[in-house]
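In: here are the coordinates; sequence isn't available:
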């Protein structure tokens, strides 16, 4: 049994989606970010960076933070949602690092300056929009070479990228210029495990 500490953010959605795809038993604990629950001592002991998600294996006591690290652990532990060969696994790891180091921060900043900044900042909007479009172009090119992000099969790299790229409307990004991304998003959105994970996230 796993306990996933989450919120309704792109990073928070990744873990329930993976757990559903893997058919693992889990329960969800919603962390109220607006109320500052991520700064409570009990949570900080699990996540020293004060961020969700966190995954706890209740059988072994193993606790993991950082969404892409959790995804990679689950894939390697189960031997699913990841290629069996070393080269394939390393490719998945590269795309996970790219999502964590570039896609999440850049798209997250764009969202903040569009929706949460106390005052308009045209320079920031221009910078992060430009970077978001560049990232979309990188993924569009990749999907012209492969049906999935990191392999010829659906992997945890797709989950990691999906939860960020599906925010395109909130970011003001028109997918007309990225038909392969749109097709890829549609294919993932149709997966039963993803729909069930999102349904469970709505339960309290």
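Out: Noted; the coordinates are in hand. Everything numeric in this text was worked out from a predicted model, so none of it was measured. Numbering: from 1, shown residues only.
In: Now do stretch 97-109: distance to the chain's middle.
Out: Its chain's C-alpha centre and that of stretch 97-109 lie 10 Å apart, by CA atoms, centre = their mean, to the nearest Å.
In: do stretch 164-184 as well
Out: That offset, for stretch 164-184, works out to 15 Å (CA atoms, centre = their mean).
In: mind checking the end-to-end distance for it?
Out: Its start and end residues considered, stretch 164-184 measures 13 Å (CA to CA, to the nearest Å).
In: Repeat that for stretch 15-31.
Out: 14 Å.
In: Could you pull out the buried residues of it?
Out: Judged by neighbour count (16 or more other CB atoms under 10 Å), stretch 15-31 contains these buried residues: 15-22, 24, 26, 28, 30-31. C-beta coordinates here come from the backbone N, C-alpha and C atoms, glycine included.
In: and if you look at stretch 99-111?
Out: Those would be 99-100, 103-104, 106-111, for stretch 99-111 by 16+ other CB under 10 Å.
In: cool, stretch 180-189 as well?
Out: In stretch 180-189, counting by 16+ other CB under 10 Å, buried: 180-182, 184-185, 188.
In: which of those lies closest to residue 76?
Out: Among the buried residues of stretch 180-189, residue 188 lies closest to residue 76 (CB to CB), at 21.2 Å.
In: Show the average pLDDT along the helix or strand where residue 130 lies.
Out: Using DSSP states H and E, residue 130 sits in helix 122-145. Taken as a whole, helix 122-145 has an average pLDDT of 98.
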